[in-house]
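Asker: coords please:
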Amino acid sequence: MKPSTRPRRSAIYVPADNARVVDKVRTLACDAVILDLEDMVAPDAKADARAAAVNAVREGNFGHREVVVRVNGLDSRWGIEDLDAVALARPDAVLVPKVSVPADLKKARKRLGDGVPLWAMIETAAAILRLDAIGAASAVNGVQAWVIGSNDLANDMRCGLTVERPGLLTALSFSVIAAKAYGLSILDGVFNDLANPDGLESQCAQGAALGFDGKTVMHPNQLEITNRAFSPNEAALARARAIVAAFDAPANAGQSVLRVDGHWVERLHCDEAVRLLHVADTIRIIEQRTR
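Answerer: Presented below is the predicted three-dimensional model:
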């Protein structure tokens, strides 16, 4: 499976039962909106939130933003009803929480039918031990992206959740490796301290360095930093253009290894450079439309 060139720099969680917030998010500079039926919704409001999510998806007007509905856990008393209702609304994707075994994805796919893509949350220690199997199941069950649930994962592992996240780094890195092995996008977990932009910037830089495609956020004031961190910078784009130009030059036809700006590069680097330039072009179009 080829990696996606669709930007998923930022995905913001919003409670599906808060009409004002859902309306506001239609104007935000995010790449994806996650209408939440799980953690952000109280137990006695689940049914109303489900109906509100279905209505919001059907109303549309989200522009370029992917519209994703996070359902309740499949083992909860709301999960199956969520899937049945959301399947009829046909959002861009359904986010399934606490995916710990491949069968969770098979169950969700069977309930949804074939039309709606899945996203899967990786947020349990059990999931980390089964990343390869969950990746294989993702590939055959129409999963487009994984989302790290860092709060739940840190709680499950009983490790600290500081800006640097030393206890989670192994799990995060292996999650990225597994996602990329199966051609999936992968989004980093939320940053909880809304009053710490420096910490957010540091954690975004860490996530980008690990290979994440973007990050989930909880508040609009986190979007600018997150989008910037996961957008290709000018230095990376200049290098990508140089690599593509070198391989496109008639004098280098048929070459598999070239020297560009003093560095040896292979055809695989050219493929990644082309992907990066496509992502940058899409981001530029999105930003022009939202100005």
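
Asker: Can you report how many residues lie near Asp213?
Answerer: Neighbour count for Asp213, taken as other Cβ atoms under 10 Å: 25. Quick note: C-beta positions are derived from backbone N, CA and C, even for glycine.

Asker: Please read the previous query as pertaining to Lys180.
Answerer: The tally of other residues near Lys180 (other Cβ under 10 Å) stands at 15.

Asker: pretty sure it is touching Ile186, no?
Answerer: Yes - look at Lys180 against Ile186 with Cβ atoms under 8 Å: they come within range, at 7.4 Å.

Asker: ranges for the strands of the stretch 51-200 of the chain?
Answerer: In the stretch 51-200 of the chain, the strands defined using DSSP state E, counting those that start in this stretch lie at 66-70, 93-96, 118-122, 143-148, 185-188.

Asker: any weak-confidence spans in the stretch 151-291 of the chain?
Answerer: The model of the stretch 151-291 of the chain has pLDDT under 70 over residues 291.

Asker: Need the residues touching each of Lys180 and Ile186.
Answerer: Both Lys180 and Ile186 are contacted by Gly211, under the criterion Cβ atoms under 8 Å, 6 or more residues apart in numbering.

Asker: nearest to Arg109, of the strands of the stretch 51-200 of the chain?
Answerer: Among the strands of the stretch 51-200 of the chain, strand 118-122 comes nearest to Arg109, with 6.6 Å by Cβ to Cβ.

Asker: who does that closest one touch, helix- and strand-wise?
Answerer: Strand 118-122 sits against strand 93-96, helix 102-112, helix 131-140, strand 143-148, with contacts defined as 3 or more Cβ pairs under 8 Å, 6 or more residues apart in numbering; DSSP states H and E.

Asker: Rounded mean pLDDT for that strand, please.
Answerer: In this model, strand 118-122 has a mean pLDDT of 98.

Asker: Report the central residue of the protein.
Answerer: With distances taken as Cα atoms, centre = their mean, Leu187 lies nearest the centre of the chain, 3.5 Å away.

Asker: quick one, what contacts that residue?
Answerer: By Cβ under 8 Å, 6+ apart, the contact set of Leu187 is Arg8, Ala11, Ala145, Trp146, Val147, Ile148, Phe212, Asp213, Gly214, Lys215, Thr216.

Asker: mind checking which helix or strand the closest residue to Leu276 other than its chain neighbours is in?
Answerer: Spatial nearest neighbour of Leu276, excluding adjacent residues (Cβ to Cβ, 6 or more residues apart in numbering): Ala240 at 4.8 Å. Assigned by DSSP states H and E, Ala240 belongs to helix 234-248.

Asker: Tell me which residues are up against that helix.
Answerer: Counting by Cβ under 8 Å, 6+ apart, 232, 252, 255, 258, 260-261, 265, 267, 269-270, 272-274, 276-277, 280 sit against helix 234-248.

Asker: number of nearby residues for Asp200?
Answerer: In this structure residue 200 is Leu, not Asp. By other Cβ under 10 Å, 25 other residues sit near Leu200.

Asker: Relative to Met218, how far out is it?
Answerer: Distance, Leu200 to Met218, using Cβ to Cβ, to the nearest Å: 11 Å.

Asker: Between the two, which contacts overlap?
Answerer: Residues touching both Leu200 and Met218 (Cβ under 8 Å, 6+ apart) are Phe191.

Asker: Show me the shaky parts of the stretch 1-150 of the chain.
Answerer: In the stretch 1-150 of the chain, residues with pLDDT under 70: 1-3.

Asker: ok, now with 90
Answerer: Counting by pLDDT under 90, the stretch 1-150 of the chain shows low-confidence ranges at 1-6, 115.

Asker: buried ones in the lengthiest helix in the chain?
Answerer: Ranked by residue count, the top helix of the chain under DSSP state H comes out as helix 267-289. For helix 267-289, burial by neighbour count (16 or more other Cβ atoms under 10 Å) applies to His269, Cys270, Ala273, Leu276, Leu277, Val279, Ala280, Ile283, Ile286.

Asker: One more: stretch 195-210?
Answerer: Judged by neighbour count (16+ other Cβ under 10 Å), stretch 195-210 contains these buried residues: Leu200, Glu201, Ser202, Gln203, Cys204, Gln206, Gly207, Ala208.

Asker: and the third one, what helix or strand is that in?
Answerer: In this case it means Ser202. Per DSSP H and E, Ser202 falls inside helix 197-210.

Asker: can you list contacts of that helix?
Answerer: Outside helix 197-210, the residues touching it (Cβ under 8 Å, 6+ apart) are 163-165, 169, 172-173, 176, 188, 191, 193, 215, 221-222, 225-226, 229-230.
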